[in-house]
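Chemist: Sequence first, then the predicted structure, then my questions.
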Number of protein chains: 2
Amino acid sequence: MIQEITAANLNTDEFIEDKIARIREAVGDGTAINALSGGVDSSTVTMLGHRAIGDRLKTVFIENGLMRRGEPERVVGLFNELGVTVEIVDAKNSFFEALSGVTDPEEKREAITQTFYREVFGDIVKKSGARHLLQGTILTDVDETVAGIKRQHNVFEQLGIDPQASFGYRIIEPLIQLRKDGVRKVGRALGLPAELFERIPFPGPALAARVVGEATPQRIEIVRKATAVVERLLSGTGAFQYMAILHQDRMTGMRDGKRDFGRQIEVRCWDSVDARSATPTRLSFDLLEQMAADLLAEVPEVVSVTYNIAPKPPSTMEAV
Amino acid sequence: MIQEITAANLNTDEFIEDKIARIREAVGDGTAINALSGGVDSSTVTMLGHRAIGDRLKTVFIENGLMRRGEPERVVGLFNELGVTVEIVDAKNSFFEALSGVTDPEEKREAITQTFYREVFGDIVKKSGARHLLQGTILTDVDETVAGIKRQHNVFEQLGIDPQASFGYRIIEPLIQLRKDGVRKVGRALGLPAELFERIPFPGPALAARVVGEATPQRIEIVRKATAVVERLLSGTGAFQYMAILHQDRMTGMRDGKRDFGRQIEVRCWDSVDARSATPTRLSFDLLEQMAADLLAEVPEVVSVTYNIAPKPPSTMEAV
């Protein structure tokens, strides 16, 4: 049973001091490794690890080809400013190979998870010689694993290594007693910039979760462009989450006086407190029309744009 | 060269008298046949033919299974009140057989056209013994045939009969000098009820044009239910046209706490003067939310509802 530390009861200075000491103790004079995604959890763990063991923590950012525009550069640049070196590993081909021909949402998720743990990060861990892995697991992940919602993201298990039985392999999960709000407090206390906490929720499978059907490099590039437009126009709305979704269905349109079966982008923008239920944000038609115009202008493959008007439930926040 | 009669220059009484005389002259003591769809053109031709030759005009309404809810009964009942007998021909199976496995929009249109002319109506014409066919062709249809947009809807040609060469076969097109506004004037003068003229535009392939992908009886029934909801809620808006479109893409949703890949309905509602360009109607969010709620409640297969926000062009009014 993991002892929860609520955000209200959390003393960040004590927490940070304690976790740094435990990481040092665990790693000793060895090395550790972790994967940084740019999310709050992995960013906070990266800072804790860096404070604890400095350059003996190797932090990698895996470029899976499914990120938003400029995201790898943004995240790595941000950590460089904090004095943390992050290595970008270009694994685009591995992910797109694994996603080739996969259209089922669950299978897409599984292909990305398997490629990440078994192939790309698994390889990096093995080659690094590190025996310690820092992971940003939080208490909610544990709950969800028990509830069968999220999958087990234990890289050693994915590699077929039982960390208990194999001497020397160890997973360190410094955030496991916290929930999201606690992690945000610790991250702020560690000097992470506000930008990181203000990011709207973004799914694990990244832009692959924003295309209906196969996630090819071309289709990901379409939804990447659309995502840039939607985030630019909706970041000022205070909405809980917003997204562009590329449909597989083709729609009739007209280009230069000729019939053209083009792409449709669906925009979703949610008002929500805790993501358990949500309603579409009542955006102004000025903004909706601006969004359609910008999407049509900046994403030439698109001939049709819709706005989601159904609440969650029975809808979900993401479409895929 | 056809001599156009503009609505402004149209004397409806003279026009009707002239056309009745010409139909009588052409048919003599023979019989004629026509297909009534319930649209303004075929309704006006039916009334002209009925005035001219009474029961010697056989009018059929072909139930293709692709109509809106209650449409065959509504149209036939309306003409019965006007003293015109209309025979409903149930041809649902022929159309659904022809549409089976067809997903391309052009091929769907072609399957419906071919089934109508070659199979269903062609058969009825042959069996009727009528040598005269009344058709509601208007001048815009002729323009569009020349421009290559609409197909030739000449049933004799479809049957491989050259009406010029085959003695006795004759097509009568009493409305060919008029455009839509002229036809409306003539229809009103012939006593057609306002209801017929107030109907929003509806495409030839009917609900088959409102499903992306295959038009199966089940999928047509889903969009039929959705169309009833959308027409109920939007008929009071004064919009030029409005519609429900069933997508082929499935969306993630939640039903009774379980993940459910369900259907998405896209709603389009257009402001337009002449259909050449159009903008989405700025409906209130009260109405949009009501529409989503009613669609989710009345069409159980649906988990997701969107509203179109892209203008024509580059969108088209219809999606398929």
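Modeler: Cool, the structure landed. Residues are numbered from 1 along each chain as shown, chains lettered A, B, ... in the order given.
Chemist: For chain A, which segments are assigned as strands?
Modeler: The residue ranges that make up the strands of chain A, judged by DSSP state E, are A:32-35, A:57-63, A:86-90, A:132-134, A:170-172, A:241-246, A:251-255, A:258-271, A:279-280, A:302-308.
Chemist: Kindly reformat those strands as JSON lines containing distance to B:L295, mean neighbour count and mean pLDDT.
Modeler: C-betas here are computed from N, CA, C, even on glycine. Below are the strands of chain A laid out as JSON lines (distance: least, Cβ to Cβ, whole Å; neighbours: other Cβ atoms under 10 Å in any protein chain shown; pLDDT from 0 to 100):
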{"stretch": "strand A:32-35", "distance to B:L295": "42", "mean neighbour count": "23", "mean pLDDT": "96"}
{"stretch": "strand A:57-63", "distance to B:L295": "41", "mean neighbour count": "21", "mean pLDDT": "97"}
{"stretch": "strand A:86-90", "distance to B:L295": "45", "mean neighbour count": "16", "mean pLDDT": "96"}
{"stretch": "strand A:132-134", "distance to B:L295": "48", "mean neighbour count": "25", "mean pLDDT": "93"}
{"stretch": "strand A:170-172", "distance to B:L295": "47", "mean neighbour count": "18", "mean pLDDT": "88"}
{"stretch": "strand A:241-246", "distance to B:L295": "19", "mean neighbour count": "24", "mean pLDDT": "97"}
{"stretch": "strand A:251-255", "distance to B:L295": "19", "mean neighbour count": "20", "mean pLDDT": "89"}
{"stretch": "strand A:258-271", "distance to B:L295": "16", "mean neighbour count": "21", "mean pLDDT": "93"}
{"stretch": "strand A:279-280", "distance to B:L295": "14", "mean neighbour count": "21", "mean pLDDT": "98"}
{"stretch": "strand A:302-308", "distance to B:L295": "12", "mean neighbour count": "27", "mean pLDDT": "97"}
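Chemist: For the residue nearest to A:N64 when sequence neighbours are not counted, give me the pLDDT.
Modeler: Spatial nearest neighbour of A:N64, chain neighbours left out: A:F95 (4.4 Å); criterion: Cβ to Cβ, 6 or more residues apart in numbering or on different chains. The score at A:F95 is 98. That number is its pLDDT.
Chemist: Any figure for the gap between A:F95 and chain B?
Modeler: Counting by Cβ to the nearest Cβ, to the nearest Å, the gap from A:F95 to chain B is 21 Å.
Chemist: got the contact list for that residue?
Modeler: Neighbouring residues of A:F95 by Cβ atoms under 8 Å, 6 or more residues apart in numbering or on different chains: A:N64, A:G65, A:L66, A:A111, A:I112, A:T115, A:V120.
Chemist: Excluding chain neighbours, what is closest to the one residue in chain A that gets nearest to chain B?
Modeler: Scanning chain A for the residue nearest chain B gives A:T306, at 3.6 Å (criterion: Cβ to the nearest Cβ). Nearest residue to A:T306, sequence neighbours excluded (Cβ to Cβ, 6+ apart): B:T306, at 3.6 Å.
Chemist: My guess is that neighbour contacts A:P280. True?
Modeler: No. B:T306 is beyond contact range of A:P280, at 9.5 Å (criterion: Cβ atoms under 8 Å).
Chemist: Pull up the overlap in contacts between those two.
Modeler: A:Y307, A:N308, A:I309, A:A310.
Chemist: Dig out what the nearest residue to A:S277 once chain neighbours are set aside forms beta bridges with.
Modeler: Nearest non-adjacent residue to A:S277, counting by Cβ to Cβ, 6+ apart: A:K312, 5.7 Å away. Residues found in beta-bridge contact with A:K312 (criterion: DSSP bridges) are A:A278.
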